[in-house]
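A.B. asks: Provide a 3D model corresponding to the input given below.
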Amino acid sequence: MHTGKPFKNIEGLLIYPPNQLMDVETPRPDGSLGPLYLAASLEKYDIRVDILDASVGSYDHDLKNTFYRSVRQDNGLIRIGMNFDEIADHVCERNYDFVGISSNFTPQTRMAIDTAVAIKETNPEIKIYAGGVNARALKNRFLETGYFDGLCLSEGELIFPMMVHNHFSGSTLHDVAGCAFNDNGTVVTNPVDDTCFPDNLDELPMPAWDKLPLEKYSDISSPHGVGVDVSKGSKYAPIMTSRGCTYKCLYCHISTEKRLTSLTGAIGKLRCHSIGRVVDEIDYLRSLGVTKVFFEDDSLFAKKDRAKEIFRRVRNKDLSVSNVNGVNLVHFFMNNNEKVMLNKRMDIDYNLIEVLKDSGFDQIVIPVESASQRILKKYATNKLDLDKMDIPLLINKMTDVGIRVPINLMIGFPDETEEEIKVTVDFAKKLMDAGSTYATFFVPIPFPGSRLYEIAIKEGYLKEDFNTDIMNWKKPIMRNTIVSAEKLEEIRDNANESVNTKEHLRIRLKQSAGHRISLV
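C.D. replies: A predicted model of the protein is given here:
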């Protein structure tokens, strides 16, 4: 029997929680794409939805009281954004029927749960849901708090509207595929099935970029990525032309979900929007005044001819373009099987570089990952062949045409030796000499949802009852590794200082959360 409001009058709020940061991290708004896709899908079913990025607040909030307000918490981390009472008041004042909380990153688990606690304790009747890779990887932790009415286990555009529909139609979640919920103290998990995914990505409505506080983001001018060229006052936004990745790196946050037996339906499978759909999305972003686009694909150039055609069509859109997330170095080289068989160097795809530059690309972050072929083979799907790919030459050629090329590297895998780490640091110096803008040394973190997490639990590198607050790329957390966490942190800090310029380090320090709070 139908209860409560007519379904078409249901109103909800999707929340990016506040951020908590280590001192060395750079504060940034969220604005990731997941909630934007969800908002558009819910409104397709006549469910009105607002979005709140709690790190900056709504249009009623002054940035000095949200994004620029830094609070040292009892866990030692710095929180920015609205406090939890303010979020709860915002929800109650607008009389929302349900709330969806985004939780992609494990270090922010506490922020997501505390947001739910504040809202539920203010209004026990409101429905609260969670989604994102971290929420589903830690579904028991979330649901056992008692503050969440349901949790989405995969891409939510088709699942989440069904969850909302059932709750507000007087039904339960028992017959909704792809969700988990607490039923009288027992966590019930309904695996994903074929009904949870569209037959074609183009069937999904465009992300609801218009619901983001783009003007506030412009004022802050702190987008995803370091050293990205965004002038203050310019609007920027993320876009994804595809989902998934063909590689299965063990440190990838969704590497366990790529198994055919996964409850989430192997959501890491590569799927693409049509070229026409991508162009339409870019045109829509331009109509919103966006002049900078960040491509957030997990493997942007996996289908290279398609990617080239997209960027040829972007060329006349008066945009600047960056990628800080999903490129694989192999795609910058020609797949000449005969040469590879002869054990010769692969040719660089100069045409791809030219297309990218002509389309407006000004920065592409290159994931070198490691200079140890053993590490690449074991942890990174062996996706780089350092003997056959001339990475320094590639960086030199990209720099020559005016594309900035920062590099990301990883040091500190559980069985990685100090000698192997040194090889990676030395390679980073070589790449800097070739023209890289800066080098970032990340520590492999066994995030829940990754194969590395399974290894860490099994081999005793991490306790099952770990504290989510410590899960951060900047801080080694695995124990009993060949190189100790303490020694690894020392090596990482020395590498950062010896490889990068003093000016880069000065800028990073000035942007950090710790520097900000020291000025308060």
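A.B. asks: In terms of helices and strands, where is Met162?
C.D. replies: Counting by DSSP states H and E, the element that carries Met162 is helix 159-167.
A.B. asks: what's the average pLDDT for that helix?
C.D. replies: For helix 159-167, the mean pLDDT works out to 95.
A.B. asks: Not counting its own residues, what contacts that helix?
C.D. replies: 7, 10, 12, 38, 41-42, 44-45, 47, 98, 100, 127, 129, 131, 149-150, 152-153, 172-173, 175-179, 192, 196 (Cβ atoms under 8 Å, 6 or more residues apart in numbering). Every C-beta, even on glycine, is put in place using the N, C-alpha and C of the backbone.
A.B. asks: Nearest residue to Trp209 in space, please, no chain neighbours.
C.D. replies: Using Cβ to Cβ, 6 or more residues apart in numbering and skipping the chain neighbours, the partner closest in space to Trp209 is Ala237 (5.4 Å).
A.B. asks: Enumerate every residue touching that neighbour.
C.D. replies: Ala237 touches Gly31, Trp209, Leu212, Leu214, Leu285, Leu288, Val290, Lys292, Val293, Phe294, counting by Cβ under 8 Å, 6+ apart.
A.B. asks: are any of those residues buried, and which?
C.D. replies: Taking 16 or more other Cβ atoms under 10 Å as the criterion, what is buried in those is Gly31, Trp209, Leu212, Leu214, Leu285, Val290, Lys292, Val293, Phe294.
A.B. asks: re earlier: tell me the secondary structure at the residue nearest to Trp209.
C.D. replies: strand (DSSP: H, G, I helix; E, B strand; the rest coil).
A.B. asks: And the pLDDT at it?
C.D. replies: 92.
A.B. asks: Any idea what it is bridged to?
C.D. replies: With DSSP bridges as the criterion, Ala237 is bridged to Val293.
A.B. asks: what about it, distance to Lys120?
C.D. replies: Counting by Cβ to Cβ, to the nearest Å, the gap from Ala237 to Lys120 is 32 Å.
A.B. asks: do the same with Gly12
C.D. replies: Taken as Cβ to Cβ, the span from Gly12 to Lys120 is 15 Å.
A.B. asks: Please apply the same query to Glu43.
C.D. replies: Distance from Glu43 to Lys120, by Cβ to Cβ: 25 Å.
A.B. asks: Contacts only, for the residue nearest to Pro392 when sequence neighbours are not counted.
C.D. replies: Excluding the flanking residues, the one nearest Pro392 by Cβ to Cβ, 6+ apart is Ala434, at 3.9 Å. If you count contacts by Cβ under 8 Å, 6+ apart, Ala434 has them with Ile391, Pro392, Leu393, Ile395, Asn396, Thr399.
A.B. asks: Flag the helix or strand of the protein with the lowest per-element mean pLDDT.
C.D. replies: Across the helices and strands of the chain, mean confidence by mean pLDDT, DSSP states H and E is lowest for helix 337-341: a mean of 55.
A.B. asks: Starting from it, tell me the next helix or strand along the chain.
C.D. replies: Immediately after helix 337-341, counting by DSSP H and E, sits helix 350-359.
A.B. asks: That following helix packs against which elements?
C.D. replies: When contacts are defined as 3 or more Cβ pairs under 8 Å, 6 or more residues apart in numbering; DSSP states H and E, helix 350-359 packs onto helix 304-314, helix 391-400.
A.B. asks: partner strands of the helix or strand following the shortest one, parallel or antiparallel?
C.D. replies: Which is helix 391-400. With elements assigned by DSSP H and E, the helix or strand that comes after helix 391-400 is strand 407-410. Strand pairing for strand 407-410, using DSSP bridges, gives strand 366-369 (parallel), strand 439-442 (parallel).
A.B. asks: Is it possible to get CSV of these that adds mean pLDDT?
C.D. replies: As requested, the strands paired with strand 407-410 are arranged in CSV below (pLDDT from 0 to 100):
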stretch, mean pLDDT
strand 366-369, 93
strand 439-442, 95
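A.B. asks: Same list (those strands) but as TSV, adding distance to Asn83.
C.D. replies: Below are the strands paired with strand 407-410 laid out as TSV (distance: least, Cβ to Cβ, whole Å):
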stretch	distance to Asn83
strand 366-369	36
strand 439-442	30
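A.B. asks: would you turn the ones you listed into CSV with distance to Phe67 and mean neighbour count?
C.D. replies: As requested, these are exported to CSV (distance: least, Cβ to Cβ, whole Å; neighbours: other Cβ atoms under 10 Å):
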stretch, distance to Phe67, mean neighbour count
strand 366-369, 29, 22
strand 439-442, 23, 21
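A.B. asks: quick revisit: of Gly12 and Lys120, which one has the most company?
C.D. replies: Neighbour count, other Cβ atoms under 10 Å: between Gly12 and Lys120, Gly12 has more, with 26 against 21.
A.B. asks: Would it be right to say that the more buried one lies in a strand?
C.D. replies: Yes - assessed with three-state DSSP, Gly12 lies in a strand.
A.B. asks: and this structure, what are its domains?
C.D. replies: Here the domain parsing of the chain from automatic domain parsing is 7-196, 234-518.
A.B. asks: Give me whichever of those is most buried.
C.D. replies: By mean neighbour count, with neighbours taken as mean count of other Cβ atoms under 10 Å, domain 7-196 ranks first of the domains of the chain at a mean of 20.
A.B. asks: Surely Ser242 and Phe301 touch.
C.D. replies: No - the criterion here is Cβ atoms under 8 Å, and Ser242 misses it with Phe301 at 9.9 Å.
A.B. asks: Phe332 is in contact with Pro367, correct?
C.D. replies: No - at 11.6 Å, Pro367 and Phe332 do not qualify as touching, with contact defined as Cβ under 8 Å.
A.B. asks: Next one, pLDDT for Ser518 please.
C.D. replies: Ser518 is given a pLDDT of 81.
A.B. asks: Check His224 too.
C.D. replies: 61.
A.B. asks: Same question for Val499.
C.D. replies: 97.
A.B. asks: Would you mind writing the CA trace of stretch 97-114 as CSV?
C.D. replies: What follows is stretch 97-114, C-alpha atoms only, in CSV (Å, rounded to 0.1, in the frame of the first residue of the first chain):
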residue,chain,number,x,y,z
ASP,A,97,12.5,13.0,2.3
PHE,A,98,15.8,11.2,1.8
VAL,A,99,19.5,11.8,1.7
GLY,A,100,22.2,10.0,-0.3
ILE,A,101,25.7,10.2,0.9
SER,A,102,28.7,9.7,-1.4
SER,A,103,31.6,7.7,0.0
ASN,A,104,34.3,6.9,-2.6
PHE,A,105,37.5,7.3,-0.5
THR,A,106,38.3,5.3,2.6
PRO,A,107,40.0,8.2,4.5
GLN,A,108,36.7,10.0,4.4
THR,A,109,34.7,7.2,5.9
ARG,A,110,34.3,9.0,9.2
MET,A,111,33.0,12.1,7.4
ALA,A,112,30.3,10.1,5.7
ILE,A,113,29.2,8.3,8.8
ASP,A,114,29.2,11.4,11.0
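A.B. asks: Hmm, Gly265 is touching Thr195, no?
C.D. replies: No - using Cβ under 8 Å, Gly265 is not in contact with Thr195; the gap is 10.1 Å.
A.B. asks: Next, Val188: phi, psi?
C.D. replies: Note on Val188: backbone dihedrals following degrees, to the nearest 10 are phi -100, psi 130.
A.B. asks: The closest residue to it other than its chain neighbours sits in which helix or strand?
C.D. replies: Leaving aside its sequence neighbours, Val188 sits nearest to Phe181 (Cβ to Cβ, 6+ apart; 5.6 Å). Here Phe181 is covered by strand 179-183, with elements defined by DSSP H and E.
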